[in-house]
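Enquirer: 3D model of this:
(chains A and B)
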Amino acid sequence: MTTGERTNRLMAEEKLPTRAQDFSEWYNQLVIKAQLADYAPVRGCMVVRPYGWALWENIQQALDRRFKATGHQNVAFPMLIPRSFIDKEKSHVEGFSPELAVVTIGGGEELAEPLVIRPTSETIIGHMWSKWIQSYRDLPVLMNQWNSVVRWELRTKLFLRTLEFYWQEGHTAHATREEAEAETRQMLDIYADFAVNDAAIPVIPGRKSDAEKFAGAETTYSIEAMMGDGKALQSGTSHFLGQNFAQAFEVRYLDQTGQLQHCWTTSWGLSTRIIGAIIMVHGDDQGLVLPPKLAPYQAVIVPIFKTDEEKATVIEVARKIKADLAKSEIRVTLDEREGMSPGWKFNDWEMRGVPVRIELGPKDVAKQAAVLARRDRPGREGKISVALGDIVTSVASLLGEIQKSMHDRALAFRQANTHATASKDDLKTAVENGFASAFWCGSPDCEAAIKEETRATMRCIPMDQPADSGPCVYCAKPATSRAIFARAY
RNA sequence: CGGGGCGUAGCGCAGCCUGGUAGCGCGCCUGGUUCGGGACCAGGAGGCCGUUGGUUCAAAUCCAAUCGCCCCGACCA
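Expert: From the prediction side, this is the model:
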């Protein structure tokens, strides 16, 4: 083998498959190569690595401040739940029984009652609330917990579906149906606001059909996003639980007139799956592209030098830039790793999706300037030279521009791949590589038939509905609302 | 649970058909030359060949069983 051939082959090995070649394999390799996560020794479990966890921490902060601003408090409930709790709410049991992990032995002894590892915490929270809530004066109860849960899934994929996953689950109890419904909708809005403004992911907030809703919910809402391959990903959910859990767990209060009433409850969750969405919405063939507001590093400085003297001056200026940016609350790192060429570092940080790269070499130092390269526009056209004196403001405004243009690009992509469809055939074509928006009469039979014939599921009935009406895409009976159909993760 | 693929150095793989001293690339360590888009040379460390059992003078290689992982389909945030 000649040197040239060997070099080409090695470069090919380091590169990702393109998204067009094999989207699924592109995703799998990217998660590993960007060092977000790795496979754990147990099937279907993942280890979230420091870079992935830093991203999750930024997501947590963005959400947590929204939760606190709306009056929620964080709590911690235990991971182990008596098996009998799950059985108390009928549709909850039916939904979760197949995917429970159950502990039957503790301290070497068979347990009198098996314990399940929480698949979600409605039941144990309902149990505790029944002790804590007595009066209308105790309401509303507004809680949230950051934790992990276990669901024994058959087919897994890093971040999108693992046996154990990290999330937050919010749980609230209210005196009236109206108040609980308003809470459910409020949290849906918060998720949408976070997705759009922080993750730069345009989402469709909507209501789930009965077939797709949460086990035990009266109504489930979700935000749905389109991935880079046109498939849908449910990226956050908010459930109106009615009085189902309050009745199962006797969560009751005395109202102003002395009547004993069941509470109205809600729950809502957003998981590390959102990281999968960020990867699949924004990533390109070079690797990750992270939205500035959530990126662990918003900027990386790559120093360039040949001689020791050059190194000394370049590093000194680079450290100054780093300090200045950090002072302005910009998350920045300086890549001082030895033994890697600048070109290698460029590629490495592109793989990891850092929004802005600052290239600094002797030529730049001589001009008192630096080169800024934006990740969302690869190649030369994404590079500009800026004066060192302006670097903080330049980087800050560039980050803002990137954040906006990432969202706009994702929105344009979704719009280009969403089609209003009036016939079954149109719908079938549309879901090959995007979303279909179609009138639906509301019948579960039509929904099931569409799923059967097109492999697409109903993602949601968008909150935002045009005022028109038309024939159901399947049975042609009059329908007043449109639904989104798509293949989904 | 069905279909497919794979377990050999940290990673990616070859070797297995046709049994006989375990190999290549990347990465890692040392030294030197390099460095503005994935550098190069020289030297070096690193392996119960997934596990168990069988056949054989001899097994990474043949036979059987078993475990695990990944990918594709039915359930799901």
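Enquirer: distance of the residue nearest the centre of chain A from A:Leu160?
Expert: Most central in chain A under C-alpha atoms, centre = their mean is A:Ile274, positioned 1.1 Å from the mean C-alpha point. As judged by C-beta to C-beta, to the nearest Å, A:Ile274 and A:Leu160 stand 10 Å apart. Glycine gets a C-beta too; all of them are placed from N, C-alpha and C.
Enquirer: What of A:Asp445?
Expert: 30 Å.
Enquirer: and if you look at A:Ser405?
Expert: 26 Å.
Enquirer: Give me the more crowded residue out of the two.
Expert: A:Leu160 (22 against 14; other C-beta atoms under 10 Å).
Enquirer: residues contacting the more buried one?
Expert: Counting by C-beta atoms under 8 Å, 6 or more residues apart in numbering, A:Leu160 makes contact with A:Leu233, A:Arg273, A:Gly276, A:Tyr489.
Enquirer: how about those in JSON lines, adding distance to RNA strand B, secondary structure and neighbour count?
Expert: Listed next are the contacts of A:Leu160 as JSON lines, based on distance: C-beta to the nearest atom of the strand, whole Å; DSSP: H, G, I helix; E, B strand; the rest coil; neighbours: other C-beta atoms under 10 Å:
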{"residue": "A:Leu233", "distance to RNA strand B": "7", "secondary structure": "strand", "neighbour count": "23"}
{"residue": "A:Arg273", "distance to RNA strand B": "4", "secondary structure": "helix", "neighbour count": "22"}
{"residue": "A:Gly276", "distance to RNA strand B": "8", "secondary structure": "helix", "neighbour count": "22"}
{"residue": "A:Tyr489", "distance to RNA strand B": "7", "secondary structure": "coil", "neighbour count": "18"}
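Enquirer: Confidence-wise, which of the residues you listed comes last?
Expert: Lowest pLDDT within the contacts of A:Leu160 is found at A:Tyr489 (88).
Enquirer: So which bits of the longest helix along chain A are buried?
Expert: Scanning chain A for the longest helix, with DSSP state H as the assignment, gives helix A:391-416. The neighbour-count check on helix A:391-416 (16 or more other C-beta atoms under 10 Å) flags A:391, A:394-396, A:398-399, A:402-403, A:406-407, A:409-411, A:413-414 as buried.
Enquirer: Of those, which is the nearest to RNA strand B?
Expert: Nearest to RNA strand B among the buried residues of helix A:391-416, counting by C-beta to the nearest atom of the strand, is A:Ile391 at 13.4 Å.
Enquirer: What is the burial count for A:Ser24?
Expert: Number of residues near A:Ser24 (other C-beta under 10 Å) recorded here: 11.
Enquirer: List the residues that contact it.
Expert: Neighbours of A:Ser24 in contact, by C-beta under 8 Å, 6+ apart: none.
Enquirer: I'd like to know how far it sits from A:Leu160.
Expert: For A:Ser24 relative to A:Leu160 (C-beta to C-beta), the value is 10 Å.
Enquirer: And A:Ala420, by the same measure?
Expert: 28 Å.
Enquirer: next structured bit after the worst-scoring helix or strand of chain A on mean pLDDT?
Expert: Ranked by mean pLDDT, DSSP states H and E, the weakest helix or strand in chain A is helix A:3-14, scoring a mean of 35. Where DSSP states H and E defines the elements, the next helix or strand beyond helix A:3-14 is helix A:23-33.
Enquirer: Now that following helix: buried residues?
Expert: For helix A:23-33, a neighbour-count test (16+ other C-beta under 10 Å) marks A:Phe23, A:Trp26, A:Tyr27, A:Asn28, A:Gln29, A:Leu30, A:Val31, A:Lys33 as buried.
Enquirer: What average pLDDT does it get?
Expert: 86.
Enquirer: And it, how far out from the chain middle?
Expert: Mean-position distance between helix A:23-33 and its chain equals 17 Å (C-alpha atoms, centre = their mean, to the nearest Å).
Enquirer: and what of stretch A:129-144?
Expert: 30 Å.
Enquirer: Between the two ends of it, what distance do you get?
Expert: When the termini of stretch A:129-144 are compared using C-alpha to C-alpha, to the nearest Å, they are 14 Å apart.
Enquirer: ok, and what's touching that stretch?
Expert: A:64, A:67, A:70-75, A:125, A:168-175, A:179, A:183, A:249-256, A:263.
Enquirer: out of those, which are buried?
Expert: By 16+ other C-beta under 10 Å, the contacts of stretch A:129-144 give A:64, A:67, A:72, A:125, A:168-175, A:179, A:183, A:249-253, A:263 as buried.
Enquirer: Just these: which are in strands?
Expert: Of the buried ones among the contacts of stretch A:129-144, the ones assigned to strands by DSSP state E are A:Gln168, A:Glu169, A:Gly170, A:His171, A:Thr172, A:Ala173, A:His174, A:Arg252, A:Tyr253.
Enquirer: ok, these vs RNA strand B, which is closest?
Expert: Nearest to RNA strand B among these, with distances taken as C-beta to the nearest atom of the strand, is A:Glu169, at 9.6 Å.
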